[in-house]
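In: how does the following fold in three dimensions:
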Amino acid sequence: MNKSNRRKFLGTAAVLSVGTVASAMPITSMSKHYPVVHHVFFWLKNPGSKEDRDQLVAGVKTLSKIPTIRELHVGIVANTEKRDVVDHSWGVSELMFFSDLAGQEAYQTHPIHLEFIKNHSHLWEKVIVYDIAEA
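Out: Numbering: from 1, shown residues only. Down below sits the predicted model:
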């Protein structure tokens with residue numbers, strides 16, 4: 001094989017390899033279009049209690065059954081470096097994605113959400129909500 005043909009072959013093989021790898025990668029919420037985000041931070045009444053934290057995490061995960069929630073991510077504080085701009089004071093976070101404001105509004109009064117509040121509100125002392133619309 002001469003140098004020109006070899007370069008063309010290697011170039012084509014590289015492009016095909018990249019396309020194959022890219023098509024095999026999982027699709028994440030970043031590639032989906034959910035213009036309404038509901039981000040909630042919970043401060044636990046007993047911040048040192050892993051049992052309370054785990055109970056709240058399990059409760060938040062039940063919210064995924066609400067039909068208007070397109071995606072739900074539940075998290076706890078990451079053990080990242082301590083910096084003035086990083087808030088490590090909360091205990092549990094829920095990050096929800098909705099297709100529209102009507103879906104977020106339906107979530108607020110959905111029986112599963114109301115049941116969650118009834119059964120788990122004794123675990124937190126403070127809640128802060130950030131509702132975000134696409135700019």
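In: next, the closest residue to residue 71 other than its chain neighbours: secondary structure please.
Out: Excluding its sequence neighbours, the residue lying closest to residue 71 (CB to CB, 6 or more residues apart in numbering) is residue 97, at 4.3 Å. Placement of C-beta: from N, CA and C, glycine included. Classification of residue 97 using DSSP: H, G, I helix; E, B strand; the rest coil returns strand.
In: correct me if wrong: residue 97 contacts residue 68.
Out: No - counting by CB atoms under 8 Å, residue 97 does not reach residue 68; the two are 10.1 Å apart.
In: more neighbours: these two, which one.
Out: Neighbours were counted for residue 97 and for residue 68 using other CB atoms under 10 Å; residue 97 has more, 21 against 17.
In: what bridges to that one?
Out: On the basis of DSSP bridges, residue 97 is bridged to residue 37, residue 71.
In: who touches the residue nearest to residue 71 in this structure?
Out: Residue 97 sits next to 29, 32, 34, 36-38, 69-72 when contact means CB atoms under 8 Å, 6 or more residues apart in numbering.
In: read off the pLDDT value for it.
Out: For residue 97, the pLDDT comes out at 97.
In: quick check: it vs residue 132, distance?
Out: According to CB to CB, to the nearest Å, residue 97 stands 10 Å off from residue 132.
In: which stretches of this protein have low pLDDT?
Out: For the chain, applying pLDDT under 70 flags the ranges 1-31.
In: I'd say residue 47 and residue 77 touch.
Out: No - using CB under 8 Å, residue 47 is not in contact with residue 77; the gap is 9.7 Å.
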